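**Q** dropping the sequence and predicted coords here.
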Amino acid sequence: RKEVEQDPGPFNVPEGATVAFNCTYSNSASQSFFWYRQDCRKEPKLLMSVYSSGNEDGRFTAQLNRASQYISLLIRDSKLSDSATYLCVVSTGGGNKLTFGTGTQLKVEL
Amino acid sequence: GAGVSQSPSNKVTEKGKDVELRCDPISGHTALYWYRQRLGQGLEFLIYFQGNSAPDKSGLPSDRFSAERTGESVSTLTIQRTQQEDSAVYLCASSLGPYQPQHFGDGTRLSIL
């Protein structure tokens, strides 16, 4: 079983739609969780950290369920510019080692 | 402010040659990481530094790969006797410390002919 698993997609959605991505992780000792965004042939960029209480940043909402070892990202009112690959990232090994999921591809269309 | 800087941006070399990749982390970031990303695949952890020491070298794929960091700043990743399978984008990231988000450089695109 992979340490971090994501549905690879692609998710093709119309502009303005709400889309949700899910991610599961295998190491119950994981401490920190993040969503990164990666555009084609670019480096990953931090989108947001994920906290146990859930957190929101504009149109983006992240949730963490430690009991189920499950992380989610919700994007509301999606824009064409949201088209990218979204990487679920989990910190293990004392906090320094990040394990990346293979990413979920999102395509927002007119 | 300045982000993570990597050089060269692109490197094309012949099989069997040695290559050296450089990373300048964000000033003040004590932790530095190297990853590899093959075309169409996810990120593969190689090694991380806390200060100048490397507590976790578990991701280095073979003894042809080595890395060092000096002055709690610049790091170099060296690949000896390159093979075609080494072709990938090599990404460097830095962070303030454990559990903190990592910030990535633009990467070095390595192509082995």
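**A** Great, that's in hand. None of these values were measured; they are calculated from a predicted model.

**Q** which residues of chain A lie near chain B?
**A** Within chain A, the positions near chain B by CB under 8 Å from any CB of the partner chain are A:31-32, A:34, A:42-46, A:49, A:87, A:91, A:93-103. Bear in mind the C-beta positions are built from the backbone N, C-alpha and C, glycine included.

**Q** kindly write the PyMOL command that selects the buried subset of those residues.
**A** In PyMOL, this line selects whichever of these come out buried by 16 or more other CB atoms under 10 Å in any protein chain shown:
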select buried, chain A and resi 32+34+43+44+46+49+87+91+93+95+96+97+98+99+100+101+102+103
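
**Q** which of the residues of chain A next to chain B fall in strands?
**A** Those of the residues of chain A next to chain B mapping onto strands are A:S32, A:F34, A:K45, A:L46, A:S49, A:L87, A:S91, A:K97, A:L98, A:T99, A:F100, per DSSP state E.

**Q** including pLDDT, could those go into TSV?
**A** As requested, those are arranged in TSV below (pLDDT from 0 to 100):
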residue	pLDDT
A:S32	89
A:F34	93
A:K45	94
A:L46	93
A:S49	91
A:L87	95
A:S91	86
A:K97	77
A:L98	84
A:T99	88
A:F100	90
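
**Q** farthest-apart pair in the residues you listed, please.
**A** Greatest spacing in these, by CB to CB: A:K45 and A:K97 (19.4 Å).

**Q** and whichever residue of chain B sits closest to chain A, how many neighbours?
**A** Residue of chain B nearest chain A, by CB to the nearest CB: B:P98 (2.9 Å). Number of residues near B:P98 (other CB atoms under 10 Å in any protein chain shown) recorded here: 17.

**Q** how much space between it and A:S68?
**A** Note on B:P98: its distance to A:S68, by CB to CB, to the nearest Å, is 25 Å.

**Q** the residue lying closest to B:Q50 once chain neighbours are set aside: how many residues sit nearby?
**A** Of all residues not flanking B:Q50 in the chain, B:A31 sits nearest, at 5.6 Å (CB to CB, 6 or more residues apart in numbering or on different chains). Neighbour count of B:A31, defined by other CB under 10 Å: 20.

**Q** and B:A31, bridged to which residues?
**A** Assessed by DSSP bridges, B:A31 has beta-bridge partners B:Q50, B:S95.

**Q** contacting residues around B:G16?
**A** The contact partners of B:G16, by CB atoms under 8 Å, 6 or more residues apart in numbering or on different chains, come to B:R81, B:T82.

**Q** let me fix that, I meant to ask about A:E43.
**A** B:L91, B:F104, B:G105, B:D106, B:G107.

**Q** now the lowest-mean-pLDDT helix or strand in chain B: how far from the chain's centre is it?
**A** In chain B, the helix or strand scored least confidently by mean pLDDT, DSSP states H and E is strand B:53-56, which has a mean of 85. Here strand B:53-56 is found 14 Å from its chain centre; the criterion is CA atoms, centre = their mean, to the nearest Å.

**Q** low-confidence ranges in chain B?
**A** Applying pLDDT under 70 to chain B picks out residues B:1.
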